[in-house]
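**Q** Give me a 3D structure for the following:
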Amino acid sequence: GVLLGLAEAANETGNTGLAMQQLIAIRQRAGIEPGTDGMYGLPANPSKDEARELIHQERFIELAFEGYRFWDIRRWKDFPRLDNHYTHGMQITKAGSTSTYTRIELQNLYFKDNLYLFPIPQGELSDNLGILQNPGW
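**A** Numbering: from 1, shown residues only. Okay, here's the model as predicted:
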C-alpha cells in the first residue's frame, strides 16, 4: 500500500517517473518477469493521465479483497463511470470431478453524488444551528 500511495502522490504532483519506478518495484516484488525492456509490462513513458490509470489498475489488483476499492473510487470521484453497471460474481457448478464456471450479474450499481460526503450527525446539527447538512442527506 505504501508504494502505491507514493506512486499516486508522485504522479499527481508531476513526477510520473518516480510513480512508474514504484509500480516497477511492486511488480518486481510480486515476481513478475521484467520482459526484454525491463519495464515489467508497463509503458516506458506514460503521460500523467495514462500513469494515473495504471496506478488505479495496480491498486485494484494489488489490494483486491482488502476493502479499499469503494474508498479509492470515492476519493477519485469515479462513481459516474461505474453508475448503472452490474457487479459480477461466479456461479460454480460441480458435476462429478468437473466444475463449470459461469459469470453472473449480481446487482446493478447506483451511485449518487451524496456518497462523496458523509452525513453530519443530527446531534451535531442540533448543537450548532449554523451547520448545514451535507447535500443529499
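**Q** In the helix or strand containing Met20, which residues are buried?
**A** Element membership for Met20 (DSSP states H and E) is helix 16-29. The neighbour-count criterion (16 or more other C-beta atoms under 10 Å) identifies 16, 19-20, 22-24, 26-27 as the buried residues of helix 16-29. Glycine gets a C-beta too; all of them are placed from N, C-alpha and C.
**Q** Please tabulate these in CSV and include pLDDT and distance to Leu109 as additional columns.
**A** Converted to CSV, the buried residues of helix 16-29 look like this (pLDDT from 0 to 100; distance: C-beta to C-beta, whole Å):
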residue, pLDDT, distance to Leu109
Thr16, 97, 31
Ala19, 97, 28
Met20, 97, 31
Gln22, 97, 30
Leu23, 97, 27
Ile24, 97, 33
Ile26, 96, 28
Arg27, 96, 29
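**Q** Make sure Asn84 is actually in contact with Gln107.
**A** No. With contact taken as C-beta atoms under 8 Å, Asn84 and Gln107 are classed as non-touching, separated by 11.4 Å.
**Q** quick one, phi psi at the residue lying farthest from the centre of the chain?
**A** Relative to the average C-alpha location in the chain, and by C-alpha atoms, centre = their mean, no residue lies farther out than Gly96, which sits at 38.0 Å. When read as degrees, to the nearest 10, the backbone of Gly96 gives phi 70, psi -120.
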